[in-house]
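Peer 1: Just a sequence and a predicted model for now, questions to come.
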Amino acid sequence: MQLTHTTKTADKAIQLFFLVLLNLLLVLIIGFLTVDSFANLNSRVGGILLSVLLPMVVIYRTPGLSRLDRTFRFGMGFLLYALIILFKAGLATTVTTMVGPCMLMAMATLYYGDAFLSQPRY
């Protein structure tokens, strides 16, 4: 009994570690394209595209998760990153570098994106 409980706890810890790592990777990709000092218009457009396409890949790969669960699991990194940039750099920098709108688009895509991937019913 004790071994099973330890295994479940270890599985949860490993899942949490990789979920945090995945959130960090998603946020840093979009953040690098928008906030970096060498970010130009092309990289900001790339950040906008990735802020929609990366959550769509997450939605496609996790069809069994509910909207709220998916947004909570994969959107926490976006929310925390947007808040950190907002308080660290200010509202003007957050909006002009497009990191705020990109993070909001990513969170909205995580929540509402399954409506785009669902098959129409005739």
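Peer 2: The structure has been received and is ready for your questions.
Peer 1: Against which helices or strands is the lowest-mean-pLDDT helix or strand in the chain packed?
Peer 2: Taking mean pLDDT, DSSP states H and E as the measure, helix 2-35 is the helix or strand of the chain with the lowest mean score, a mean of 86. Where contact means 3 or more C-beta pairs under 8 Å, 6 or more residues apart in numbering; DSSP states H and E, helix 2-35 is packed against helix 41-61, helix 67-89, helix 99-117. For every residue, glycine as well, the C-beta is placed using N, CA and C.
Peer 1: for the shortest one, what is the average pLDDT?
Peer 2: Same thing as helix 99-117. Mean per-residue pLDDT for helix 99-117: 90.
Peer 1: same thing with stretch 74-88?
Peer 2: 90.
Peer 1: List the buried residues of that stretch.
Peer 2: By neighbour count on 16 or more other C-beta atoms under 10 Å, the buried set for stretch 74-88 is 74-75, 77-79, 81-82, 85-86.
Peer 1: With adjacent residues omitted, what lies nearest to M76?
Peer 2: Computed as C-beta to C-beta, 6 or more residues apart in numbering, the closest residue to M76 that is not its neighbour in sequence is N23, at 6.2 Å.
Peer 1: The one you found and G31: what is the separation?
Peer 2: Using C-beta to C-beta, to the nearest Å, one obtains 12 Å as the distance from N23 to G31.
Peer 1: Looking at the two now, which is surrounded by more residues?
Peer 2: G31 (23 against 19; other C-beta atoms under 10 Å).
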